[in-house]
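Novice: give me coordinates for this.
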Amino acid sequence: MTQQYPTRRPTDLEERGDATELPAELTNIPWIDVHNHAHTMSWNDREKFALSGCHSMVMMAAAYYWMPYKPVAAADVRHLWDDALNRLGPIGDSHPFDAKVGIGIHTGARVEDYEGLLEVMPEYCALDEVAAVGEIGITEAQHVSGWELEDQKDVTRRQLEIAADHDLPAILHTPPDLEDVDFPERVHGSIPGYELDLSLQQDPVLTGENPKREAVEIDVELADEAGLADEQLVLSHADKETASHVIENTDCYCSFTVSYPWLLGVEPHHVAEVVAEYGPDQVLVETDSAGILRSDIFAYKRTIFEMYRMGLDVETIRQVVFENPKELLN
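Specialist: Below you'll find the predicted structure:
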């Protein structure tokens, strides 16, 4: 029997069919951010993670752009590691999510005398607070101070060996492919969303038609040489094309950075499309949020909603955003 409404005039209430019943679980699926730089952000920004349901995160302490000197000194990198570790206590006291750090030598700018860092890295990786080696990996071009490809391979391979020795996953930066990103036209010039002078990028060391694919292939090869299983390798900043290659040819995880589509061109629906085509087993989501660029922390939660809108069920979504990273991070 149709319900009668005592409204003063007819409304559309009586014309509506059965309303779609949305699962309440969508609002409380816990999620894990395997790659961010939240320790560089404000208290208010970190609160947004908690407000939107973040269960835990890994904050990458390798961030060359916070060092004022180029090339970067080994002591500068170790300072970044120490600072991130030091901030864990106060962050944990203030926010109800579990935060760990990733330790690594990023190749975004050349690091001098990195041998000493590789010597002490195992001591850091033995700490309970360290959940991953990262972010590391082959980078197409460096900021201010270039780094030859063979040297990048050396420092990346040796860090992957350390990850394997300590049974830790490795989070690998992959260079963004900006060719197909539809940047809006600027009438009065561009106000950058990135506090990094990209005009200071050096000549690329990857010169093929698809540098991102090339970097991924080198990273996977180096991990094989280092003895790190595919299941412990996370290839960050994935896009649909990269994800297809990774899933079809490896057992690695591909992780989609969803918090700044204006730069990477990756939207929540791209994640849903890849999961719908290939299944959830090798897919992760990350924010890569940092104090250096315009990013949207709430984009992770929006991705959860968008995956449901695109037809994925709650259990599949939960596997991508919680069960997969939980298994990866042990």
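
Novice: please count neighbours and contacts with C-alpha atoms only from this point.
Specialist: OK.

Novice: run the chain-centre distance for the least confident helix or strand in the chain by mean pLDDT.
Specialist: Sorting the helices and strands of the chain by mean pLDDT, DSSP states H and E puts helix 261-264 at the bottom, at a mean of 92. Taking Cα atoms, centre = their mean, to the nearest Å, one finds helix 261-264 lying 13 Å from the centre of the chain it belongs to.

Novice: cool, stretch 190-208 as well?
Specialist: The answer for stretch 190-208 is 19 Å, by Cα atoms, centre = their mean.

Novice: for the helix or strand hosting V58, what is the average pLDDT?
Specialist: If you go by DSSP states H and E, V58 is part of strand 54-60. For strand 54-60, the mean pLDDT works out to 98.

Novice: please apply the same query to stretch 236-252.
Specialist: 96.

Novice: who touches it?
Specialist: 35, 171-176, 212-213, 230-235, 253-257, 264, 266, 270-271, 274, 278, 282 (Cα atoms under 8 Å, 6 or more residues apart in numbering).

Novice: quick one: buried residues of the least confident helix or strand of the chain?
Specialist: 262-264 (16 or more other Cα atoms under 10 Å).

Novice: now for it, which elements pack on it?
Specialist: Helix 261-264 sits against no helix or strand, with contacts defined as 3 or more Cα pairs under 8 Å, 6 or more residues apart in numbering; DSSP states H and E.

Novice: pull it out as CSV, backbone CA atoms only.
Specialist: Taking C-alpha atoms only, helix 261-264 is exported to CSV below (Å, rounded to 0.1, in the frame of the first residue of the first chain):
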residue,chain,number,x,y,z
PRO,A,261,44.4,14.5,-10.1
TRP,A,262,45.2,18.1,-11.3
LEU,A,263,48.9,16.9,-11.7
LEU,A,264,48.7,13.2,-12.3
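
Novice: returning to what we had before: now the strand holding V58: how far from the chain's centre is it?
Specialist: How far strand 54-60 lies from its chain's middle: 10 Å, per Cα atoms, centre = their mean.

Novice: same check, this time on stretch 158-177
Specialist: Taking mean C-alpha positions (Cα atoms, centre = their mean), stretch 158-177 and its chain are 13 Å apart.

Novice: tell me which residues in stretch 66-80 are buried?
Specialist: Result for stretch 66-80 [16+ other Cα under 10 Å]: buried residues 70-74, 76-78, 80.

Novice: and the contacts of that stretch?
Specialist: 61-64, 105, 109-114, 116-117, 144-145.

Novice: just the mean pLDDT for that stretch, thanks.
Specialist: For stretch 66-80, the per-residue pLDDT averages 93.

Novice: please enumerate the strands of the stretch 101-250 of the chain.
Specialist: 111-112, 130-136, 170-172, 233-235 (DSSP state E, counting those that start in this stretch).

Novice: so for E15, which of those sits nearest?
Specialist: strand 233-235 (50.0 Å; Cα to Cα).

Novice: gap between the closest one and the chain center?
Specialist: 10 Å.

Novice: from Y64, how far out is A73?
Specialist: Look at A73 and Y64: by Cα to Cα, to the nearest Å, they are 10 Å apart.

Novice: scratch that, R46 is what I was asking about
Specialist: Distance from R46 to Y64, by Cα to Cα: 21 Å.

Novice: what do you get for Y260?
Specialist: 19 Å.

Novice: what do you get for Q319?
Specialist: From Q319 to Y64 the distance is 32 Å (Cα to Cα).

Novice: neighbour count for these two, which is higher?
Specialist: Y64 (22 against 19; other Cα atoms under 10 Å).

Novice: correct me, but the more buried one touches G104?
Specialist: No. Checked against Cα atoms under 8 Å, the pair Y64 and G104 is beyond contact range at 10.5 Å.

Novice: any weak-confidence spans in the stretch 201-330 of the chain?
Specialist: Scanning the stretch 201-330 of the chain for pLDDT under 70 picks out nothing.

Novice: now swap in the stretch 1-150 of the chain and tell me
Specialist: 1-2.

Novice: how about a cut-off of 80?
Specialist: 1-3, 17-20 (pLDDT under 80).

Novice: okay, the buried residues of stretch 66-80 in CSV with secondary structure next?
Specialist: Listed next are the buried residues of stretch 66-80 as CSV, based on DSSP: H, G, I helix; E, B strand; the rest coil:
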residue, secondary structure
K70, coil
P71, coil
V72, strand
A73, strand
A74, helix
D76, helix
V77, helix
R78, helix
L80, helix
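
Novice: can I get the residues you listed in a markdown table with distance to P6?
Specialist: Converted to a markdown table, those look like this (distance: Cα to Cα, whole Å):
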| residue | distance to P6 |
| --- | --- |
| K70 | 72 |
| P71 | 74 |
| V72 | 72 |
| A73 | 74 |
| A74 | 74 |
| D76 | 71 |
| V77 | 69 |
| R78 | 70 |
| L80 | 65 |
